[in-house]
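Novice: 3D model of this:
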Amino acid sequence: MVEARDGKTWAIEFARFSALGTVVRDDGSGLGKGLRLERARRRAEGLSGDLEDTLDVFHTVREGGRALRKTWGSATRAFERAEAAQKKLDQMGRQGTPQTGYATATIKLWRKAE
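Specialist: Numbers count the residues shown, from 1 in each chain. The predicted structure follows:
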């Protein structure tokens, strides 16, 4: 726990771990600057081995899940509307009611659902 999360603070933390080889991080500016400062320190001191830097996937997975839920919800609602229209169309056919216009609308609903 520190008061600041700026580049200098992160560089100090990174320097504590001499065997550190890979950093998985978010895209925070403080972390990025701290990593650059630590790399510069290691080069200045002639230490071998550069730090590998990878961004985490938490935010990507979270946003992907949100987009998937949105798409899945629209598809589900479209499918339910098409299914209900098909049920009504089938009922009209069994009763001998003219299906003029209703069949076309049902086909359009199925296309949208697909």
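
Novice: What separation do you get for residue 106 and residue 78?
Specialist: 13 Å (Cβ to Cβ, to the nearest Å). Using the backbone N, CA and C atoms, a C-beta is placed for each residue, glycine as well.

Novice: between the two, who's got more neighbours?
Specialist: Ranked by neighbour count (other Cβ atoms under 10 Å), residue 106 and residue 78 place residue 106 first, with 22 against 16.

Novice: The more buried one touches residue 86, doesn't it?
Specialist: Yes: assessed by Cβ atoms under 8 Å, residue 106 is found in contact with residue 86 at 5.7 Å.

Novice: mind showing which ranges of the chain have poor pLDDT?
Specialist: For the chain, the stretches with pLDDT under 70 are 49.

Novice: quick one, domains of this structure?
Specialist: According to automatic domain parsing, the chain comprises the domains 7-56, 72-113.

Novice: Just the helices from the protein, written as ranges.
Specialist: 7-15, 29-44, 58-95, 102-113 (DSSP state H).

Novice: Pull the residues that contact stretch 2-13.
Specialist: Residues outside stretch 2-13 that contact it (Cβ atoms under 8 Å, 6 or more residues apart in numbering) are 28-38, 41.

Novice: Repeat that for stretch 33-49.
Specialist: 6-11, 13-15, 21, 23, 25, 50-51, 53.

Novice: Find the nearest non-adjacent residue to residue 23, please.
Specialist: Leaving aside its sequence neighbours, residue 23 sits nearest to residue 53 (Cβ to Cβ, 6 or more residues apart in numbering; 5.4 Å).

Novice: list the contacts for the one you found?
Specialist: Contacts of residue 53 by Cβ under 8 Å, 6+ apart are 22-23, 25, 35.

Novice: same question, residue 113
Specialist: Neighbouring residues of residue 113 by Cβ under 8 Å, 6+ apart: 75, 78-79, 81-82.

Novice: change it to 6 Å
Specialist: Residue 113 sits next to 78-79, 82 when contact means Cβ atoms under 6 Å, 6 or more residues apart in numbering.

Novice: tally of neighbours for residue 40?
Specialist: For residue 40, the neighbour count with other Cβ under 10 Å is 11.

Novice: Likewise for residue 35?
Specialist: Here the number of neighbours of residue 35 (other Cβ under 10 Å) works out to 18.
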